[in-house]
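Enquirer: got a predicted structure here, sequence first:
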There are 2 protein chains.
Amino acid sequence: MTMSTALLTDHYELTMLQAALRSGAAHRRAVFEVFARHLPGGRRYGVVAGTGRVLDELEDFRFRDEELSYLREKQVVDEPTLAFLADYRFSGDVYGYREGDVYFPASPIMVVEGTFAEAVLLETLTLSILNHDCAIASAASRMTNAAGNRPIIEMGSRRTHEWSAVAAARAAYIAGFASTSNLMAGKIYGVPTAGTAAHAFTLLHDTERAAFEAQIAALGPETTLLIDTYEVPEAVRTAVELAGAKLGAVRIDSGDLAAAAQEVREQLDALGAFNTRIVVTSDLDEYAIAALAAAPVDGYGVGTSLVTGSGVPTAALVYKMVARETSAGVMEPVAKRSVGKPSRGGRKEPYRLFDESGHAETELITTSGPAPEGGVPLLHQLVRDGEVIGREPLGAARERHARTIAGLPQEALHLGRGYAAIATEFA
Amino acid sequence: MTMSTALLTDHYELTMLQAALRSGAAHRRAVFEVFARHLPGGRRYGVVAGTGRVLDELEDFRFRDEELSYLREKQVVDEPTLAFLADYRFSGDVYGYREGDVYFPASPIMVVEGTFAEAVLLETLTLSILNHDCAIASAASRMTNAAGNRPIIEMGSRRTHEWSAVAAARAAYIAGFASTSNLMAGKIYGVPTAGTAAHAFTLLHDTERAAFEAQIAALGPETTLLIDTYEVPEAVRTAVELAGAKLGAVRIDSGDLAAAAQEVREQLDALGAFNTRIVVTSDLDEYAIAALAAAPVDGYGVGTSLVTGSGVPTAALVYKMVARETSAGVMEPVAKRSVGKPSRGGRKEPYRLFDESGHAETELITTSGPAPEGGVPLLHQLVRDGEVIGREPLGAARERHARTIAGLPQEALHLGRGYAAIATEFA
C-alpha cells in the first residue's frame, strides 16, 4: 500500500461509529445498498463503472499511525474509537453488478454486508468512486453509441481534477472509447494511449511546414497532423506534400467541423491521400457526434463533455442501510420515511428478464422468494469475509458493456431526455 | 515524494517533445499563459484556486524508472526523449495570481516561462488542477455570498471522485466555507472538519430515542441531531428532552426547508432551546441558500452542487503559448488564428484598477509599457529558476478572498447569468 484511503471519508462516519460503539449497536449486522433513485438527466440507462477501483481502495482502507495521529490531534473521535480503527479490517461481504453492465432506477449495484461499524465506514469512499465513474461511463456509452464504428479518443484530462482524469479514462474505455490521452491511465489500467499535436507545436516553429517536417521526422508519416493553426487548405497541401499518401491522419479542432471535414476529404482525395483519416475535436459531445454521422469523419476526440459527464457529472447514487440486526439478534428491513426520498427496506436480489428476441425487458428486484424463471442474476460476489475475490480484467468489462448495449431495446439508444429504457419491478 | 505526478499528462505532450527535440525547437524559450476566454455559466467573476496544489505537484513531476519503463514498453517516445525525461527538472519561472483572488475573461492567472520542452510538459497537470479548483472555488464563492454570515459546511465528497473531493474541500475553504466533512482535506490542508449523523445511525437503533441517547452520550449535548428520519416534531421533542437546552443543533435534510425550519424554530423556542441552532441540507445550491435568507436557519450543508461547480464543473481555462524564441534567438509574440478561439500574443502583465470608492473597476492587461498609475499588479512570482518560492498558508488565501469580494462592485454578487463584473481592457 502506497497511501491509505481511510481518510477519504466523511467526518460523521467516524463520529457515528463512536456513538454506535458507545451504545453497542456498532456490532450489529447491517446491509447497505448502493442504488440510484432516478437516472439524472433523463438518461435511459446508467453504466456500472468503478467497481474494480472500489476493490483496490478497499484493500488500502487502513488507519495507520499517520491517520490515527491526525484523528487524535484534532479530537475527531475518542480513544476507544481510535483503538477500533487501528484494528479495522473490513471482514464482511460485498456483492455488485459487474463493471460494464447497465443499471436502472433502484438497481442495487453494490451490496455491502457486515457489522454496522465496518460497513458504515465505507460509505463515503464507495460513493465517491461509483458516483464519479458511473457518471462518466454513462455519458461515454451515449457517445460510443452515437459514434457507431468510428473510434473515440478520450482527451479530457485537462478539464477535470488530475486523478478524476485517470478514472474517467478508465470508465470511458469500459464504455467503448478506443483510447485515452492520459498516460497514467495507460500505466495503471492498461488503457491504450494516443495523441496528436497541439497548436503550440506549430506555433513554436518558424513555419507550419517546419513543424510538420519535425513531426513527421520524429513520428513517421503515419502521424496525425493538426491542420487548423493557420489556413486549412494550405496545411493539407503541405501535409500531403511532406508525408505523401501514407499520411496517417489530419486533425481539425475548430470551425464548422462537418463542412471542414467535407472540404478536407475532397482535398485529400484529390491529392491521392485516400487512406488519410480525418479526426475531429473541439467541444464534441454525443449530440455533436451524432450530427457528424454523415460527414466524412474517421474518428473523434472528446474532452470536456466526457469528463464532466455531459451535463450529469455525478450519478445520484446513494448508500443506504436496508437491513439491520435488532437488539433481539434478528435481521429486519429498515427504511426511513423522509419526504420525497423513497427507500425500500430489505436485502435485494436483482434479476434481468429478457423478451423472446433476447432484449432486456425488466429489471426485477426481489427481496425474497425463488429466482424468477429465465431471470439473469445481476449481483456477483466481490468480497468474501473481507477478501477480494471479484477482480476481473478491464477488457472483460469493456466486452460486457458492448454485449449489454446490444441487448437493450432500441429506444435505450435515443439521446433525448426520457425514461429508463426498461421497467424496474419489485417482487 | 510518495508518487510521481509526471504521467498525469497527455500523451501528445511527450510526442510533441520528441518531435521538438528532433527539430531542435524544444530548447527555444517559450511563454505559456493560463487564462479563460470567457466565464462559463454567465458568472460575474472567477476565483483563483489550485495554485498551491500546482506548486506541490510540480515538485513531484519527475520521470523515475517506473514511469520511464512504462513509456519505453509502450513505445510512447524514443530513447533520446526518454533520456531527456529522465533528467527533467523544471528550471524556469512561474508567475500567478494569488489564490483567493478573482479573475475575469483573459486574466493571465498563471504564466509559465522556460524552454518549450520544459513548459509544454506541464500543460495537462496545470490545467487539470486549475480547471477543477477554480470551478469549485467560483461556485463556492457564490454560495458564501448568498449565505452571508451563516456558516456553510462542505459535504460533497461522496458525489465526486475521491481525490477531487479533497481538492474541492480546499477550494471551498478558500472561498469562505467554514468547514468540510472530508477528513483527508483536514489532514493534508488543515481545513476544519465537521459532521453530524446520517439516517442510517437512527435506523440502526431500535428507536430514535435510543439513537439520540447514544449520540449524546458519545458526543455530548452540543452535538447536531438529525431530526427527519421519522416525524420531525416528535424528534425535536425527544432531542430537547434528552439534551436539554444545551442541544447544539438539529439538522433537517428533507422537505420544504424554509417551512420546516420555521416550525422547528418555534418548537425549539417553546421548549426553551433558544440557542439550539438549525442546520439545513438537501440539494442546496446558491439559489436555494439565497431563498432561505429569511428563514430561521443557522447554517447550511452543501454537497452535490459544490463539488460539481453548481452547473459549471470546469473553468474553461486554457494553457496557450503566447511568445516563443525564433530561430534567430529573438522572443516574439505568437497566436493561432483558429476560428472562434481568440488568443492574444505576447507576455502579459495584468493590473487591477480601482475607482475612488475603492471598488475594482478594470482588469488592465498590458503587454508592454510602464505600470498604470494606481494599478495593482496581479502576478506574483511563484517559481524562480525551478525553485518554488511562492507558497503561502491556506488561511492567507481565504482572507484574501474575503477582502477581494468586498472590493468588487455590488453587481458582481448577483446570482443571475450575466457578464463579467468588471471590464477587461488591453493596453
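Expert: Sure, I can see it.
Enquirer: what does stretch A:59-73 contact?
Expert: A:1-7, A:14, A:76-77, A:79, A:82, A:85-86, A:88-90, A:121-122, A:125, A:388, B:183, B:186-187 (CB atoms under 8 Å, 6 or more residues apart in numbering or on different chains). Any C-beta I mention is one placed from the backbone N, CA and C, and that applies to glycine too.
Enquirer: buried stuff in that stretch?
Expert: Under the neighbour-count criterion of 16 or more other CB atoms under 10 Å in any protein chain shown, stretch A:59-73 has A:61, A:62, A:63, A:67, A:68, A:70, A:71 buried.
Enquirer: please enumerate the helices of the stretch 101-250 of chain A.
Expert: Applying DSSP state H, counting those that start in this stretch to the stretch 101-250 of chain A gives helices spanning A:116-120, A:123-147, A:162-174, A:183-189, A:199-204, A:208-219, A:232-243.
Enquirer: and residue A:363, how far from chain B?
Expert: Distance, residue A:363 to chain B, using CB to the nearest CB, to the nearest Å: 24 Å.
Enquirer: quick one: that residue is in a strand?
Expert: Yes. Checked against DSSP: H, G, I helix; E, B strand; the rest coil, residue A:363 lies within a strand.
Enquirer: just to check, it is in contact with residue A:427?
Expert: No. Using CB atoms under 8 Å, residue A:363 is not in contact with residue A:427; the gap is 11.1 Å.
Enquirer: buried subset of the contacts of stretch A:59-73 as a PyMOL selection?
Expert: Of the contacts of stretch A:59-73, the buried ones go into a single PyMOL selection, burial set by 16+ other CB under 10 Å:
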select buried, (chain A and resi 4+5+6+7+14+76+77+82+85+88+90+121+122+125+388) or (chain B and resi 183+186+187)
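Enquirer: what is the burial count for residue A:249?
Expert: Look at residue A:249: counted by other CB atoms under 10 Å in any protein chain shown, it has 18 neighbours.
Enquirer: next: the one 10 residues further on.
Expert: A count of neighbours around residue A:259, defined by other CB under 10 Å, yields 10.
Enquirer: what strand or helix carries it?
Expert: helix A:257-270 (DSSP states H and E).
Enquirer: the next helix or strand after that helix: how far from the chain's middle?
Expert: Toward the C-terminal end, the helix or strand that comes next after helix A:257-270 (DSSP H and E) is strand A:277-280. The chain centre lies 25 Å from the centre of strand A:277-280; the measure is CA atoms, centre = their mean, to the nearest Å.
Enquirer: any low-confidence regions in chain A?
Expert: Chain A contains residues with pLDDT under 70 at A:1-2, A:336-343.
Enquirer: would you map out the domains in it?
Expert: Per automatic domain parsing, the domain ranges recorded for chain A read A:11-136+A:312-426, A:151-308.
Enquirer: can you lay out the helices of the stretch 101-250 of chain A as a markdown table showing distance to chain B?
Expert: Listed next are these as a markdown table, based on distance: least, CB to the nearest CB, whole Å:
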| stretch | distance to chain B |
| --- | --- |
| helix A:116-120 | 5 |
| helix A:123-147 | 4 |
| helix A:162-174 | 4 |
| helix A:183-189 | 4 |
| helix A:199-204 | 4 |
| helix A:208-219 | 3 |
| helix A:232-243 | 10 |
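Enquirer: what distance separates the host helix or strand of residue A:13 from the centre of its chain?
Expert: Element membership for residue A:13 (DSSP H and E) is helix A:11-23. Here helix A:11-23 is found 31 Å from its chain centre; the criterion is CA atoms, centre = their mean.
Enquirer: is that helix in proximity to chain B?
Expert: Yes. Helix A:11-23 is in contact with chain B by CB under 8 Å from any CB of the partner chain, via A:11, A:12, A:13, A:14, A:15, A:16, A:18, A:19, A:20, A:21, A:22, A:23.
Enquirer: give me the number of residues near the nearest residue to the second one once chain neighbours are set aside?
Expert: Spatial nearest neighbour of residue A:12, excluding adjacent residues (CB to CB, 6 or more residues apart in numbering or on different chains): residue B:195 at 3.0 Å. By the criterion of other CB under 10 Å, residue B:195 has 25 neighbours.
Enquirer: and the gap between residue B:195 and residue B:215?
Expert: Look at residue B:195 and residue B:215: by CB to CB, to the nearest Å, they are 11 Å apart.
Enquirer: any common contacting residues for the two?
Expert: Counting by CB under 8 Å, 6+ apart, residue B:195 and residue B:215 have no contacts in common.
Enquirer: contacting residues for the residue nearest to residue A:294 when sequence neighbours are not counted?
Expert: Distance criterion CB to CB, 6+ apart; nearest residue to residue A:294, sequence neighbours excluded, is residue A:258 at 7.7 Å. When contacts are counted by CB under 8 Å, 6+ apart, residue A:258 touches A:291, A:292, A:294, A:295.
Enquirer: if you drop the residues flanking it in sequence, what lies closest to the second one?
Expert: Nearest in space to residue A:292, with sequence neighbours left out and distances taken as CB to CB, 6+ apart, is residue A:258 at 5.7 Å.
Enquirer: kindly report the same for the first one.
Expert: Excluding its sequence neighbours, the residue lying closest to residue A:291 (CB to CB, 6+ apart) is residue A:258, at 7.2 Å.
Enquirer: roughly how far does the one you found sit from chain B?
Expert: 14 Å.
Enquirer: distance of that residue from residue A:296?
Expert: On the measure of CB to CB, residue A:258 and residue A:296 end up 9 Å apart.
Enquirer: residue A:105 too?
Expert: Distance of residue A:105 to residue A:296, given as CB to CB: 40 Å.
Enquirer: on that earlier part again, neighbour count winner among residue A:363 and residue A:427?
Expert: Per other CB under 10 Å, whichever of residue A:363 and residue A:427 has more neighbours is residue A:363, with 25 against 13.
Enquirer: can you spell out which residues form a bridge with that one?
Expert: Per DSSP bridges, the residues bridged to residue A:363 are residue A:352, residue A:424.
Enquirer: how about the contacts made by it?
Expert: Contacts of residue A:363 (CB under 8 Å, 6+ apart): A:103, A:104, A:106, A:107, A:350, A:351, A:352, A:353, A:422, A:423, A:424, A:425.
Enquirer: so how far is the helix holding residue A:259 off the chain centroid?
Expert: The chain centroid and the centroid of helix A:257-270 are separated by 34 Å under CA atoms, centre = their mean.
Enquirer: for stretch A:12-31, same thing?
Expert: Taking the mean of its C-alpha atoms, stretch A:12-31 sits 31 Å from the chain's own mean (CA atoms, centre = their mean).
Enquirer: what of stretch A:387-404?
Expert: Here stretch A:387-404 is found 13 Å from its chain centre; the criterion is CA atoms, centre = their mean.
Enquirer: count of neighbours near the residue lying closest to residue A:175 once chain neighbours are set aside?
Expert: Excluding its sequence neighbours, the residue lying closest to residue A:175 (CB to CB, 6+ apart) is residue A:140, at 3.6 Å. Residue A:140: 31 surrounding residues under other CB under 10 Å.
Enquirer: separation between residue A:140 and residue A:399?
Expert: 15 Å.
Enquirer: with residue A:17 instead?
Expert: 40 Å.
Enquirer: neighbour count for these two, which is higher?
Expert: Remark: of residue A:17 and residue A:399, residue A:17 carries more neighbours, 23 against 13, as counted by other CB under 10 Å.
Enquirer: okay but that one is in contact with residue A:26, surely?
Expert: Yes. Under the criterion of CB under 8 Å, residue A:17 makes contact with residue A:26 at 6.3 Å.
Enquirer: shared neighbours of those two, anything?
Expert: With CB under 8 Å, 6+ apart as the test, residue A:17 and residue A:26 both reach A:84, A:117.
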